[in-house]
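**Q** Requesting a structural model of the entry that follows:
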Amino acid sequence: MLRSFLPVVVFAGLGAIVGGALAAINGLLGPRRPSRVKSEPYECGLPTEVSRTFRFGVSFYMIAMLFILFDIEVVFLYPVGVILRAAHSVFVLVEVLVFVVVLLVALVYVWRRGALDWR
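**A** As a prediction, this is how the structure comes out:
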């Protein structure tokens, strides 16, 4: 049993050694010129002087939530794809088609309601 896990242990050990070595080399040889701008957190696409009252639009959160929802639902198709060839059953194929049709109906509904429009 140890023989089957040995490549995983070796790969994890090599990853930890290489990652630790590169971090140590960076700490020893990296430039050290701290400034006020460099110590501030970086947010891609946003100015650094954002007030506390800055708000994202609701459409940003709607699209993010819909992406997560549909992404998770599509992940459920992968196990079915693995067993579909071994199943030799039309029932499994019909179930997958029903699932995809339900996803498409939900996508059309969300699209028609305007949740995907970026305002």
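**Q** Pick out the least confidently modelled helix or strand of this structure, by mean pLDDT.
**A** Lowest on mean pLDDT, DSSP states H and E among the helices and strands of the chain sits helix 36-39, with a mean of 77.
**Q** Output the below-cut-off pLDDT ranges for the protein.
**A** Applying pLDDT under 70 to the chain picks out residues 1-2, 43-52, 54, 56, 119.
**Q** can you pull out the helices in it?
**A** Under the criterion DSSP state H, the chain contains helices at 2-29, 36-39, 58-75, 77-87, 90-113.
**Q** okay if I get these as CSV plus mean neighbour count?
**A** Using the backbone N, CA and C atoms, a C-beta is placed for each residue, glycine as well. Converted to CSV, those look like this (neighbours: other C-beta atoms under 10 Å):
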stretch, mean neighbour count
helix 2-29, 9
helix 36-39, 7
helix 58-75, 12
helix 77-87, 11
helix 90-113, 12
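**Q** Relative to the whole chain's centre, how far out is the least confident helix or strand of the chain?
**A** In terms of C-alpha atoms, centre = their mean, to the nearest Å, the centre of helix 36-39 is set 29 Å apart from its chain centre.
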